[in-house]
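>>> quick one: sequence and predicted model below, then my questions.
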Amino acid sequence: MESIEAQLPAHGGVGRENYAWYLKNVLLLPYSVNEIETLGEREYQRQIAFLKIEEHRNRDIPMPAPIRTRSEFDAKRKAEDEDLLRFLREGDWVTIPDYLIHDPQEGPYQFPFEKDPSKPGLFEPPLDLHFFFQAEFRD
């Protein structure tokens, strides 16, 4: 297979003019690119504020240690999946079919570039525990 990387542009994106056209003519939104950017920035700041409020509210609770093994992950995921299904069934929130159960084969999804190539097993903690892995491996 022939590589086309050398022929690709130096940066991606569609450009402001094309994005403005897309917003107006495809999505039919009444907002400009600048207004969408402002809305996105406000939403980001709102999420950071909520994160800081929760961190402050839970400041006296020690941070749980991230899991380190596949068996530990499987046990934790099984308990949490069963707890969620029980909550939904008993709370009469939604109809949960009886065949919907915890899948023991489901593990954490890891991008190939986040795996340590020297450890090719089914579960190895990723090299970089970014925000979402922090949540996945601690929650």
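Sure thing, it's come through. Numbers count the residues shown, from 1 in each chain.
>>> got the domain boundaries for this protein?
16-57, 70-138 (automatic domain parsing).
>>> among those, show the one with the smallest mean pLDDT.
Ranked by mean pLDDT, the domains of the chain bottom out at domain 70-138, with a mean of 72.
>>> how far off centre is the longest helix along the chain?
Counting residues, the longest helix in the chain under DSSP state H turns out to be helix 33-57. Mean C-alpha position of helix 33-57 versus that of the full chain (Cα atoms, centre = their mean, to the nearest Å) differs by 17 Å.
>>> which strands or helices does it pack on?
Judged by 3 or more Cβ pairs under 8 Å, 6 or more residues apart in numbering; DSSP states H and E, helix 33-57 is in contact with helix 16-25. C-beta coordinates here come from the backbone N, C-alpha and C atoms, glycine included.
>>> show me what the helix it packs on is packed against.
Checked by 3+ Cβ pairs under 8 Å, 6+ apart, helix 16-25 has helix 33-57 packed alongside it.
>>> give me the buried positions along the following helix or strand past the helix it packs on.
Scanning forward in sequence from helix 33-57 by DSSP states H and E, the next helix or strand is helix 70-90. Using 16 or more other Cβ atoms under 10 Å as the test for burial, helix 70-90 gives 73-74, 77, 81.
>>> likewise for stretch 62-71?
Using 16+ other Cβ under 10 Å as the test for burial, stretch 62-71 gives 66-67.
>>> which SS state does the closest residue to Tyr22 other than its chain neighbours fall under?
Using Cβ to Cβ, 6 or more residues apart in numbering and skipping residues adjacent in sequence, the residue nearest Tyr22 is Val14, 7.3 Å away. Put simply, Val14 is coil when judged by DSSP: H, G, I helix; E, B strand; the rest coil.
>>> for Val14, phi and psi?
Backbone torsions for Val14, taken as degrees, to the nearest 10, come to phi -100, psi -10.
>>> so what's the residue count around it?
Val14 is flanked by 10 other residues according to other Cβ atoms under 10 Å.
>>> about what we covered before: what does the longest helix of the chain rub up against?
With contacts defined as Cβ atoms under 8 Å, 6 or more residues apart in numbering, helix 33-57 is touched by 16, 19-20, 23, 29, 31.
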